[in-house]
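# Pasting the sequence and the predicted model now:
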Amino acid sequence: MNGETAMAETTELSTAKEDWSKEDVLGLLDCMRSIVPSNDVLKFKTTESHMDWNKVTFAHYTGEMCKRKWSEISHEVRKFRTLSELILDVQENVKNPYKGKKLKNHPDFPKKPLTPYFRFFMEKRAKYAKLHPEMSNLDLTKILSKKYKELPEKKKMKYIQEFQKEKEDFETSMARFREDHPDLLESVKRTDAPEKPKTPQQLWYLHEKKAFMKLHPKATMKDVKEALGKQWSQLSDKKRLKWIGKSLEQRELYEDAMRDYVLRHPEQSISLDDLTKNTLTKAERQLKDKFDGRPTKPPPNGYSLYCAELMSNMKDIPSTERMVLCSKQWKMLSQKEKDAYQKRCEQKKKEYEINLHRFLLSLPEHEQQRVLSEEKMIGIHKKAASNLKQSAVKGITTSPLDANKTTPDKPKRPISAMFIFSEEKRKKLQEDEPELSESELTRKLARMWTELSEKKKEKYRRLEAAAKAESEQKRQGFGKGKGTAIRGKLPEPPKTAEEIWQQNVIGDYLAKYRSDRIKAIKAMEATWSAMEKKEKLMWIKKAAEDQKRYEKELSEIRAPATNVNRKIKFEGEPKKPPMNGYQKFSQELLTGGELNHLNLKDRMVEIGKRWRKVTQAQKDRYKKMAEEQQCQYKIILEAWLKSISPQERAAYKEYTSNKRRGTAKVSTPNPKMKIAIPAQNASETDDSDDDDDDD
């Protein structure tokens with residue numbers, strides 16, 4: 001009995017000791033903050049596991065008691081933070097446990113009154129549950145909802161009056177709560193903050209909603225959204241532009257109001273960078289730009305221009321077959337016809353640059369930056385924007401688009417089997433079900449693909465494999481031809497005397513005609529034709545110098561590039577033998593034609609696999625055969641060197657020594673195998689390696 005009494009007393013004492021007051025909890029958190037490292041960037045669990053709780057002890061609380069209390073209070077706050085941040089959160093939670101979403105849990109917070117429908121529902125639910133015990137809660141709710149709608153206005157009035165009375169009491173209680181607890185309502189949203197601008201669709205929806213509700217008074221919100229959503233998708237571009245303009249006007253007003261608001265409320269630390277978000281979608285922005293005069297981007301080359309023209313007459317042909325047909329038709333054209341398409345494409349590019357330049361000059365600075373970034377020119381040429389300003393001042397017809405002239409485009413990734421299937425079925429599905437939106441259409445095609453049998457999927461997988469193989473070939477060709485593409489780029493065409501003169505005086509003429517370019521050009525043409533030959537002589541000389549520059553650059557491009565690494569063939573030179581057993585084994589397999597059905601990479605993989613399966617005795621046999629061939633090669637090479645002239649012998653030795661100096665590291669297929677070769681034949685070893693690489 002005495003033992004039990006002592007245990008009970010100890011338990012009561014520990015409970016009394018652990019009766020934490022608010023001041024004690026805040027003291028615990030201060031102690032914890034003092035021992036947390038200043039550079040705390042780890043997960044809170046990691047720092048918590050390394051914490052020495054004996055250092056946290058204070059007053060009569062032990063380390064274990066502190067740890068237990070911390071575990072209890074930290075449970076109330078979010079954990080994906082560092083321990084330092086977590087302690088601050090817990091401090092806020094201890095000081096004000098009812099802040100934010102937990103405000104409704106406050107014991108003094110008034111309870112919201114039930115709506116008229118919920119009063120009816122709570123009153124009748126028990127009765128209907130007894131009458132229909134087999135029904136689920138969802139079915140009961142549907143029945144009671146229907147009954148409430150059918151209720152006469154006189155009976156409904158009873159529930160409405162009760163609701164109105166309780167609502168008044170709630171508002172009175174809420175006002176008293178605000179007076180008693182002003183600190184709990186600090187985070188209430190400020191009423192003087194400007195309202196965010198609406199998108200064009202939102203503005204149109206609010207305008208059309210009233211008219212729609214008059215025509216369909218019984219329609220639910222879901223019905224209204226679906227009906228108006230379809231109407232918006234079918235709205236003409238002209239009508240849509242009206243709402244795009246209204247949305248942009250709202251955006252400008254919002255930005256001005258928001259700047260004033262930020263100045264009046266510096267304590268809220270709102271960044272002005274957040275104001276640059278747009279209310280328009282990409283399609284709406286493109287429509288607005290097109291209406292403002294932004295030119296359409298031309299095809300990148302003659303082949304793309306030809307395909308675009310040809311595809312306009314291929315509407316009945318599936319999209320997967322169009323490019324194949326275009327490619328076949330393009331190959332059938334003569335070089336003269338191809339050059340004509342390329343010339344047309346270059347002309348379109350020049351026109352596009354002029355029109356885009358004119359369009360950019362008509363825009364404010366921030367809109368210019370947006371257009372330039374969309375044209376992918378800011379990252380390529382950082383001086384594009386500054387050049388634009390200089391050209392506007394000087395009147396020079398330079399365009400920031402010049403920075404975008406790069407090497408031919410890298411081949412695109414091949415499309416997947418599912419994408420090929422989707423492209424094939426999309427048109428038919430659109431015709432059968434025109435009411436489907438793009439996202440619904442994509443989801444339906446995805447479901448059709450998953451439900452497709454493996455046998456039918458095989459057809460599209462074969463097309464995917466063919467596309468991958470073609471893409472791989474193009475990528476390899478792109479890698480090899482990259483240097484020649486850059487080198488083969490034509491120089492800038494020479495300018496005429498009139499063009500050089502116009503470039504020098506256009507600034508004066510633009511100033512004279514108030515930046516009206518068309519009038520300025522006409523005036524310059526009239527002045528040039530009226531000028532005497534003596535006055536033109538200086539510009540004719542400059543044009544002649546430009547012509548010489550062009551011819552010089554063109555001759556440099558046409559001159560054949562000297563390939564330093566080109567292999568020189570000497571007449572009668574003996575063929576080099578394999579360096580080791582593995583190369584001899586590879587040579588046998590490759591010359592036998594057994595692996596001709598595989599590509600080069602797969603051949604080498606297959607040879608490696610087979611070599612690993614060969615026994616050691618067979619490997620030694622191949623090694624012996626390779627050594628015998630090397631000995632024969634040395635004898636034949638010495639005899640050939642004696643038979644050639646001294647000049648040829650000197651050229652051969654110079655070529656082999658240069659190649660040895662140019663090779664940083666000699667690569668052999670099997671570095672573990674040691675081959676004994678005399679020092680005087682080191683050059684032969686290098687040549688042998690090159691031949692092996694060719695094989």
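Structure received.

# in whatever helix or strand residue 371 lives in, what counts as buried?
When elements are assigned from DSSP states H and E, residue 371 belongs to helix 365-374. By neighbour count on 16 or more other Cβ atoms under 10 Å, the buried set for helix 365-374 is 368, 370-372. Using the backbone N, CA and C atoms, a C-beta is placed for each residue, glycine as well.

# Which residue, neighbours along the chain excluded, lies closest to residue 250?
residue 197 (3.9 Å; Cβ to Cβ, 6 or more residues apart in numbering).

# and the gap between that neighbour and residue 64?
For residue 197, the distance to residue 64 (Cβ to Cβ, to the nearest Å) stands at 57 Å.

# How about residue 520?
Residue 520 sits 89 Å away from residue 64, going by Cβ to Cβ.

# who's more crowded, these two?
residue 520 (22 against 11; other Cβ atoms under 10 Å).

# was I right about the more buried one contacting residue 505?
No: contact criterion Cβ atoms under 8 Å: residue 520 and residue 505 do not qualify, at 9.5 Å.

# just so I have it, where are all the helices in the stretch 301-450 of the chain?
Remark: helices assigned in the stretch 301-450 of the chain by DSSP state H, counting those that start in this stretch are 302-311, 319-332, 335-361, 365-374, 384-394, 417-432, 438-451.

# Let me have the ones you listed in a markdown table, extended by mean pLDDT.
Below are these laid out as a markdown table (pLDDT from 0 to 100):
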| stretch | mean pLDDT |
| --- | --- |
| helix 302-311 | 86 |
| helix 319-332 | 81 |
| helix 335-361 | 87 |
| helix 365-374 | 79 |
| helix 384-394 | 44 |
| helix 417-432 | 82 |
| helix 438-451 | 80 |
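
# could you dump those to CSV with distance to residue 134?
Listed next are those as CSV, based on distance: least, Cβ to Cβ, whole Å:
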stretch, distance to residue 134
helix 302-311, 63
helix 319-332, 55
helix 335-361, 71
helix 365-374, 63
helix 384-394, 74
helix 417-432, 42
helix 438-451, 35
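
# of those, which approaches residue 263 most closely?
Closest of those to residue 263 is helix 365-374, at 20.4 Å (criterion: Cβ to Cβ).

# Low-confidence stretches in the stretch 1-150 of the chain?
1-18, 41, 76-83, 85, 96, 98-102 (pLDDT under 70).

# swap the cut-off to 50 and go again
1-17 (pLDDT under 50).

# thought the residue nearest to residue 250 was touching residue 256?
No: judged on Cβ under 8 Å, residue 197 makes no contact with residue 256 at a distance of 11.3 Å.

# In the stretch 201-350 of the chain, where is pLDDT below threshold?
For the stretch 201-350 of the chain, counting by pLDDT under 50, not a single residue falls below.

# Helices of the stretch 551-695 of the chain, start to end?
Going by DSSP H, counting those that start in this stretch, the stretch 551-695 of the chain shows helices at 581-591, 600-613, 616-643, 646-662, 682-694.

# Buried by neighbour count: which residues of the shortest one qualify?
The one in question is helix 581-591. For helix 581-591, by 16+ other Cβ under 10 Å, it's 581-587.

# Around the closest residue to residue 124 other than its chain neighbours, how many other residues sit close by?
Among residues not flanking residue 124 along the chain, residue 144 sits closest, at 6.0 Å (Cβ to Cβ, 6+ apart). By the measure other Cβ under 10 Å, the count of residues near residue 144 is 19.

# which element is residue 144 on?
With DSSP H and E as criterion, residue 144 is part of helix 137-150.

# I'd like to know which elements that helix is packed against.
The contact analysis (3 or more Cβ pairs under 8 Å, 6 or more residues apart in numbering; DSSP states H and E) places helix 137-150 against helix 116-131.

# How about residues contacting the helix it packs on?
Residues outside helix 116-131 that contact it (Cβ atoms under 8 Å, 6 or more residues apart in numbering): 114, 135, 140-141, 143-145, 147-148, 151, 156, 159-160, 162-163.

# for that helix, the distance to its chain's centre please.
The chain centre lies 54 Å from the centre of helix 116-131; the measure is Cα atoms, centre = their mean, to the nearest Å.

# Report the angle between that helix and helix 137-150.
Angle of helix 116-131 versus helix 137-150, following axes from the mean of the first three to the mean of the last three Cα atoms, to 10 degrees, is 120 degrees.

# mind listing what's buried in helix 116-131?
116-117, 119-121, 128.

# Out of the helices of the stretch 551-695 of the chain, indicate the one that is most buried.
By mean neighbour count, with neighbours taken as mean count of other Cβ atoms under 10 Å, helix 581-591 ranks first of the helices of the stretch 551-695 of the chain at a mean of 18.

# which helices and strands does that helix pack with?
Partner elements for helix 581-591 (3+ Cβ pairs under 8 Å, 6+ apart): helix 600-613, helix 616-643.

# Could I have the CA atoms of the shortest one written out in PDB?
In other words, helix 600-613. What follows is helix 600-613, C-alpha atoms only, in PDB (Å, rounded to 0.1, in the frame of the first residue of the first chain):
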ATOM      1  CA  LEU A 600      28.200  -0.100 -87.500                       C
ATOM      2  CA  LYS A 601      27.600   0.400 -83.800                       C
ATOM      3  CA  ASP A 602      25.600  -2.800 -83.400                       C
ATOM      4  CA  ARG A 603      28.300  -4.700 -85.400                       C
ATOM      5  CA  MET A 604      31.000  -3.700 -83.000                       C
ATOM      6  CA  VAL A 605      28.800  -4.600 -80.000                       C
ATOM      7  CA  GLU A 606      28.100  -8.100 -81.600                       C
ATOM      8  CA  ILE A 607      31.800  -8.600 -82.300                       C
ATOM      9  CA  GLY A 608      32.600  -7.800 -78.600                       C
ATOM     10  CA  LYS A 609      30.000 -10.300 -77.400                       C
ATOM     11  CA  ARG A 610      31.400 -13.000 -79.700                       C
ATOM     12  CA  TRP A 611      35.000 -12.300 -78.700                       C
ATOM     13  CA  ARG A 612      34.100 -12.800 -75.000                       C
ATOM     14  CA  LYS A 613      32.600 -16.200 -75.800                       C
END
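
# could you give the angle of it to helix 616-643?
Going by the same axes, to 10 degrees, helix 600-613 makes 120 degrees with helix 616-643.

# now the strands: where do they sit in the stretch 101-250 of the chain?
Remark: no strands are assigned in the stretch 101-250 of the chain by DSSP state E, counting those that start in this stretch.

# What is the neighbour count of residue 204?
22.

# could you measure it against residue 540, distance?
To residue 540, residue 204 is 62 Å away according to Cβ to Cβ.

# what does residue 67 give?
Taking Cβ to Cβ, one finds residue 67 at 94 Å from residue 540.

# Then residue 230?
Relative to residue 540, and taking Cβ to Cβ, residue 230 is found at 67 Å.

# For the two, indicate the residue with more neighbours.
residue 540 (14 against 11).

# I'd say that one and residue 497 touch.
Yes: with contact defined as Cβ under 8 Å, residue 540 and residue 497 form a contacting pair (4.6 Å).

# quick one: contacts for residue 141?
Taking Cβ under 8 Å, 6+ apart, we find residue 141 in contact with residue 121.

# Let's see that with 10 Å instead.
121, 125, 135 (Cβ atoms under 10 Å, 6 or more residues apart in numbering).

# Please apply the same query to residue 207.
Contacts of residue 207 were listed using Cβ under 10 Å, 6+ apart, and they are 243, 246.

# about what we covered before: include distance to residue 355 when you put the buried residues of helix 365-374 into a markdown table, please.
Listed next are the buried residues of helix 365-374 as a markdown table, based on distance: Cβ to Cβ, whole Å:
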| residue | distance to residue 355 |
| --- | --- |
| 368 | 15 |
| 370 | 17 |
| 371 | 12 |
| 372 | 15 |
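
# The residue nearest to residue 241 when sequence neighbours are not counted sits in which helix or strand?
Nearest non-adjacent residue to residue 241, counting by Cβ to Cβ, 6+ apart: residue 291, 5.7 Å away. Taking DSSP H and E as the definition, residue 291 sits inside helix 282-292.

# Give me the buried positions along that helix.
So helix 282-292, judged by 16+ other Cβ under 10 Å, has buried residues 284, 287-289.

# CA-only coordinates of it in PDB, if you can.
Taking C-alpha atoms only, helix 282-292 is exported to PDB below (Å, rounded to 0.1, in the frame of the first residue of the first chain):
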ATOM      1  CA  LYS A 282      -1.200  33.600 -76.100                       C
ATOM      2  CA  ALA A 283      -3.900  33.300 -78.800                       C
ATOM      3  CA  GLU A 284      -5.500  36.600 -77.700                       C
ATOM      4  CA  ARG A 285      -2.100  38.400 -77.700                       C
ATOM      5  CA  GLN A 286      -1.400  37.100 -81.200                       C
ATOM      6  CA  LEU A 287      -4.800  38.300 -82.400                       C
ATOM      7  CA  LYS A 288      -4.200  41.700 -80.900                       C
ATOM      8  CA  ASP A 289      -0.700  42.000 -82.500                       C
ATOM      9  CA  LYS A 290      -2.100  40.900 -85.900                       C
ATOM     10  CA  PHE A 291      -4.800  43.600 -85.700                       C
ATOM     11  CA  ASP A 292      -2.100  46.200 -84.800                       C
END
